[in-house]
Each structure stands twice: as C-alpha cells, then as structure tokens.
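Okay, predicted coordinates and the sequence, questions at the end:
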Amino acid sequence: MGWRKKMERARRLHRPSLKNWEEDGLSEVFPAFVKEVSQRPNYEAFILHEGEGAQNRTQGGEEHRQQIPAVLDGASVRPEDFYRYELESIPCVIQNVPSGLDGGERREPWKAEKKWTLDALEKNDSLLNRTFKCGEDDDGKNIRIKLKHFLQYTYKNKDDSPLYVFDSAFDEDKYADQILDHYKVPTYFKDDLFGLVSERRRPPYRWWLLGPERSGTCIHIDPLATSAWNTLIQGEKRWVVFPPHLAKDIVKGKGLVRSDEDDEAIHYFMTILPR
C-alpha cells in the first residue's frame, strides 16, 4: 500500500465527516497569504490599555513600553534575566539557542540543526520506518503513520488543513529515541516540577512535530495549565497568543465563523483572526 492510500486512511479516521480535504482550495491561495504576511513586521502586537499587565514599566522616571513578544538572544540573556519576563507573564522569543548560544554562554549546538532537515530525515533509515502519531480517531485512539509515508504526504498534499506529526511516544521506541540526543533542554527551563515524580507517573511532556504547509493546531491552553517551550528547527511557524484575562469567546472568534466554513488552524489565521 503506497503513501497515498496510507494517508487517505489516516485522514478518514481523523475526520470521517470531511469528504473533501481540498474543498476550499487553500493550497492555491496560501502562497499569496504568505506573501502578504511576510510584508508585515515579523512580530506584531495589539498593545493593552495603559495599566493592564506588563506593557508599561517605569525606568528612571520614564515610561517604558514593553515589546510583545520580547525578542531575546540566547547569546546575551542569562536565566536570571529571563525569569523577570516569566514572572510578568511576558511571551518571549529566544533566538539562537539550537546554535549553541544559551543562557549567555556558548555551548554545543544541537544535533537537530543537521539531523532534522527534510533531506537528513529522508536518509535516516531507522526513523523512516518508525510510526509517528498524526491524529486521533473519534474514540481517542492514536492514528500512526510511517515517517517515510508522511514525508511524501508533506511534499505532495494539497489538503486545506493537512495532518501533522505530533508525537510524544518517540522516547519509548528503541530506534526513534535517538531524537532525545538531538536537542537539549535550554538552561532557561531547567526547573521542572514534573521531574519530582517518576517517569511512569508524569504525563507526556515532550513532543516531536513535523508538518506541511497550512498544518497547525487550533487555539488551546496546554494540558494541566502547563507552559511548554517550543523550538523551531526548520521552516516557519505562525503563532498568536492572548493574555489570560480575555474571554474564551473572543479568543476563539465565536460568532465570526459562518455555518459553511471550517475552523481549522489555517482558517483561523486566514479568515477568522482578521475578522
């Protein structure tokens, strides 16, 4: 069975009610959307009203408006510097950590920078034949697909909202657990309360992701109200974050989705969020 039939089965299990995954033709209009977005500032923020949150600080008697998100550099930002942003719940982008610039010091670069390119994955036979989670069926059962089939899907699919790998069980596979050696926990996140319990008792806490263009996750809060750190190794990923006091209806754009529209992540970014 080729990759097309494998992925067709996965799509049918994941969203059995969706008959045509290319119905909206988003693969055709997506390049124009990307071009429009790329012409805007890389980081945009709608500043809260004065006095709300950490947007305004006083420095030497002068008001200082905090950029959201704070864009930091691992080459110069020490853990104690980062903690100040964490205490005030300021979203941060920390650059250059995989390159070995972490905590204001130079360290060994992550192997992931070379091993997680699509070309490198294509040559990694021990990973190509491993299965990874790319969805769930209506009963909550994991849908798994071999990496070699998913890579072909990544290159060739025209789905409006493609499936993507979101796997937390790679560390239990004697071949896929090599991924653990490809990255390091940044010094900024060395404190881990779940580390106080046994591996058997703690919930899933590390994931490996791989997705085609237009794939993504809908607006959500992380499980158990935790705060995950994410690192992008290849490609581009678009985010939107909201302050915690906003109502759920506003965040999800309730009332802005027409009855004939889908509300997957790509639809959220292309139509719902602008509205």
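Received, thanks. Numbers count the residues shown, from 1 in each chain.

can you map out the helices along this structure?
3-14, 26-38, 79-87, 112-115, 118-122, 125-128, 147-156, 248-252, 265-267 (DSSP state H).

Okay, angle between the first one and helix 147-156 too, please.
If I follow you right, that is helix 3-14. 90 degrees (axes from the mean of the first three to the mean of the last three CA atoms, to 10 degrees).

Which neighbouring elements make contact with helix 3-14?
Contacts defined by 3 or more CB pairs under 8 Å, 6 or more residues apart in numbering; DSSP states H and E place helix 3-14 against strand 131-136, strand 142-146, helix 147-156. For glycine as for every other residue, the C-beta is placed from the backbone atoms N, C-alpha and C.

what's the distance between the last one and the middle of its chain?
A distance of 19 Å separates the centroid of the chain from that of helix 147-156, by CA atoms, centre = their mean, to the nearest Å.

May I have it as PDB, with CA atoms only?
Provided in PDB are the C-alpha atoms of helix 147-156 (Å, rounded to 0.1, in the frame of the first residue of the first chain):
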ATOM      1  CA  LEU A 147       7.700   8.600   8.600                       C
ATOM      2  CA  LYS A 148       8.600   7.700   5.000                       C
ATOM      3  CA  HIS A 149       4.900   7.900   4.000                       C
ATOM      4  CA  PHE A 150       4.300  11.100   5.900                       C
ATOM      5  CA  LEU A 151       7.300  12.800   4.200                       C
ATOM      6  CA  GLN A 152       5.800  12.000   0.800                       C
ATOM      7  CA  TYR A 153       2.500  13.500   2.000                       C
ATOM      8  CA  THR A 154       4.300  16.600   3.200                       C
ATOM      9  CA  TYR A 155       5.800  17.200  -0.200                       C
ATOM     10  CA  LYS A 156       2.700  16.400  -2.400                       C
END
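
same question for that helix, mean pLDDT?
Mean per-residue pLDDT for helix 147-156: 97.

Just the angle for that helix relative to strand 142-146, thanks.
90 degrees.

Start and end of stretch 3-23, how far apart?
One end of stretch 3-23 sits 21 Å from the other (CA to CA, to the nearest Å).

Check what contacts stretch 177-197 and list those residues.
With contact meaning CB atoms under 8 Å, 6 or more residues apart in numbering, stretch 177-197 is reached by 74, 79, 82, 94, 97-98, 102-103, 107-108, 110-112, 115-116, 126-127, 170-171, 202-203, 205, 208, 229, 231.

got any ranges where the stretch 51-200 of the chain has weak pLDDT?
51-64 (pLDDT under 70).

can you do 90?
Applying pLDDT under 90 to the stretch 51-200 of the chain picks out residues 51-68, 88-89, 171-173, 191-200.

Distance check, Glu199 against Glu8.
Separation of Glu199 from Glu8 (CB to CB, to the nearest Å) stands at 36 Å.

Tell me which of those two has more neighbours.
Legend: neighbour count by other CB atoms under 10 Å for Glu199 and Glu8, higher for Glu8 (14 against 9).

number of nearby residues for His245?
His245: 8 surrounding residues under other CB under 10 Å.

got it, and the one 3 residues further on?
Applying the criterion other CB under 10 Å, we find 10 residues in the vicinity of Lys248.

And the one 4 residues further on, by the same measure?
By other CB under 10 Å, the residues close to Lys252 number 17.

any chance you could read off phi and psi for the residue nearest to Glu23 when sequence neighbours are not counted?
Excluding the flanking residues, the one nearest Glu23 by CB to CB, 6 or more residues apart in numbering is Asp160, at 6.6 Å. Asp160 adopts backbone torsions of phi -60, psi -50, taken as degrees, to the nearest 10.

residues contacting Asp160?
So Asp160 contacts 21-27, 214, 262, 264, 266-267 (CB under 8 Å, 6+ apart).

Among those residues, name the buried ones.
The neighbour count (16 or more other CB atoms under 10 Å) marks 21, 24, 26-27, 214, 262, 264, 266-267 as buried among those.

any idea which of the residues you listed is closest to Thr131?
Nearest to Thr131 among the buried ones among the contacts of Asp160 is Trp21, at 21.1 Å by CB to CB.

so who does that closest one touch?
With contact taken as CB under 8 Å, 6+ apart, Trp21 is in contact with 11, 15, 159-162.
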